[in-house]
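Student: below is the structure, and that's it, no one-letter string:
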């Protein structure tokens, strides 16, 4: 079916999607489109009349049984549709082989621009190309992939590791905003707008968290990893000059810099003192690559300092996965002695 002539397009622009019960994927897809300058003032038209949608709308999501980026038709329900994030964007990620929903389709094609538009409006921030790519992939993984998987009925487990994680439960919360069978006097179009507000605010918050916190933390960990051999010749001790979440970033960056398994201990300040923590075998593991020496575990203050031969120590946890010191120098001495310690 030929696209309607641009000369027949009404003003303002229109975003088309299906009417009736709404789902999280088209709600988020419509919200993302409205973050772009060209669709900022667009109206939402909800219908299942394909002819009317194609004549009226400038972009169509989640309805119409056609995926055609050139025509801006983004449906995923047809049996011929097989696209995933890693198929459409292999240059940014080889992960995420989950069938896309309309949210995933819009994000895959417009996500970088959506992210930059939100950051410009909310924080007046412009990410570097490398950090924008990192944010683009991270937001797909911790937000959009869940929506894609749930909308397509994708099983979370297919063997070992989960194919995706439930981070938001947004699909369920958006679903509850639909009118019930007993709601005879409720405007479903208003409910759709309410769902866009709820989902949109959560999406914006996620973009800000990733771009303004997650990316910054990654930069801190990257710097610390690159400078590790200036702290200890083997690179086994990492010194974070600024505390931030570090476990997942370190696991990723070790692969990037080909030093997997090398870092053993991380030193950081928690605001009240300095800590020496063992690097876990995986970000969620309680088992570390290196524990603090057994004879020091459970000891505190002067007794610990005497046992270790290091001034200004505070504690070593009874499991040995973390210890504390009053100064960075004491923490560094604790880390060095721990790395060199040979358990009997």
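Tutor: In hand now; what should we look at? On a predicted model such as this, the values are computed, not experimentally measured, just so you know.
Student: check what pLDDT the residue nearest to residue 281 when sequence neighbours are not counted gets.
Tutor: Excluding the flanking residues, the one nearest residue 281 by Cβ to Cβ, 6 or more residues apart in numbering is residue 287, at 5.1 Å. Quick note: C-beta positions are derived from backbone N, CA and C, even for glycine. We have a pLDDT of 87 for residue 287.
Student: pretty sure residue 287 sits against residue 319.
Tutor: No. Assessed by Cβ atoms under 8 Å, residue 287 is found out of contact with residue 319, at 10.0 Å.
Student: report the buried residues of stretch 94-102.
Tutor: 96, 98-102 (16 or more other Cβ atoms under 10 Å).
Student: what number of residues are in the vicinity of the residue nearest to residue 214 when sequence neighbours are not counted?
Tutor: Leaving out its chain neighbours, the residue that sits closest to residue 214 by Cβ to Cβ, 6+ apart is residue 138, at 6.3 Å. Neighbour count of residue 138, defined by other Cβ atoms under 10 Å: 19.
Student: let the chain start at 40 from now.
Tutor: Taking 40 as the first residue, the last one we looked at is residue 177.
Student: which pLDDT value does the model give residue 177?
Tutor: Listed pLDDT for residue 177 reads 97.
Student: doesn't residue 249 make contact with it?
Tutor: Yes. With contact defined as Cβ under 8 Å, residue 177 counts as touching residue 249 (5.1 Å).
Student: list the buried residues of stretch 90-102.
Tutor: For stretch 90-102, burial by neighbour count (16+ other Cβ under 10 Å) applies to 92-93, 95-102.
Student: now, these that are in helices?
Tutor: Members of the buried residues of stretch 90-102 lying in helices (criterion: DSSP state H): 92-93, 95.
Student: surely residue 111 touches residue 103?
Tutor: No. At 10.8 Å, residue 111 and residue 103 do not qualify as touching, with contact defined as Cβ under 8 Å.
Student: of the two, which one has the most company?
Tutor: The residue with more neighbours, out of residue 111 and residue 103, is residue 103; 24 against 17, by other Cβ under 10 Å.
Student: return the distance of that one relative to residue 123.
Tutor: Per Cβ to Cβ, to the nearest Å, residue 103 is found 20 Å from residue 123.
Student: got it, and residue 310?
Tutor: According to Cβ to Cβ, residue 310 stands 43 Å off from residue 123.
Student: neighbour-wise, which of the two wins?
Tutor: When residue 310 and residue 123 are compared for neighbours, residue 123 comes out ahead with 18 against 5, by other Cβ under 10 Å.
Student: tell me what the more buried one is bridged to.
Tutor: residue 138 (DSSP bridges).
Student: so what's it up against?
Tutor: Residue 123 makes contacts with 135-139, as judged by Cβ atoms under 8 Å, 6 or more residues apart in numbering.
Student: please tell me how far the nearest residue to residue 329 once chain neighbours are set aside sits from residue 336.
Tutor: Leaving aside its sequence neighbours, residue 329 sits nearest to residue 303 (Cβ to Cβ, 6+ apart; 3.7 Å). As judged by Cβ to Cβ, residue 303 and residue 336 stand 17 Å apart.
Student: higher neighbour count, those two?
Tutor: Of the pair residue 303 and residue 336, residue 303 is the one with more neighbours under other Cβ under 10 Å, namely 20 against 17.
Student: about what we covered before: any idea which of the contacts of residue 123 is closest to residue 289?
Tutor: Here the nearest of the contacts of residue 123 to residue 289, counting by Cβ to Cβ, is residue 135; it sits at 22.0 Å.
Student: could you look up the SS state of the closest one?
Tutor: Put simply, residue 135 is coil when judged by DSSP: H, G, I helix; E, B strand; the rest coil.
Student: isn't it right up against residue 185?
Tutor: No. The pair formed by residue 135 and residue 185 falls short of the contact definition of Cβ under 8 Å, at 11.1 Å.
Student: show me the contacts for residue 258.
Tutor: Counting by Cβ under 8 Å, 6+ apart, residue 258 touches residue 170.
Student: please disregard the earlier target; I meant residue 144.
Tutor: Contacts of residue 144 by Cβ under 8 Å, 6+ apart are 68, 100, 106, 113, 115, 122.
Student: could you check how far it is from residue 98?
Tutor: 11 Å.
Student: need the overlap of contacts for those two.
Tutor: Common neighbours of residue 144 and residue 98 (Cβ under 8 Å, 6+ apart) are residue 113.
Student: all strands for the stretch 40-189 of the chain, in order.
Tutor: 53-56, 82-85, 98-100, 106-107, 112-113 (DSSP state E, counting those that start in this stretch).
Student: of those strands, which approaches residue 223 most closely?
Tutor: Minimum separation from residue 223 across these (Cβ to Cβ) falls at strand 82-85, 18.9 Å.
Student: can you pull the pLDDT of residue 134?
Tutor: 87.
Student: dump the residue contacts of the closest residue to it other than its chain neighbours.
Tutor: Sequence neighbours aside, residue 125 is the residue nearest to residue 134 in space, at 6.1 Å (criterion: Cβ to Cβ, 6+ apart). By Cβ under 8 Å, 6+ apart, the contact set of residue 125 is 132-136.
Student: where does the nearest residue to residue 173 once chain neighbours are set aside sit: helix, strand or coil?
Tutor: Residue nearest to residue 173 in three dimensions, not counting chain neighbours: residue 254, with 6.3 Å by Cβ to Cβ, 6+ apart. At residue 254 the chain is in helix, as set by three-state DSSP.
Student: I appreciate the help and will end here.
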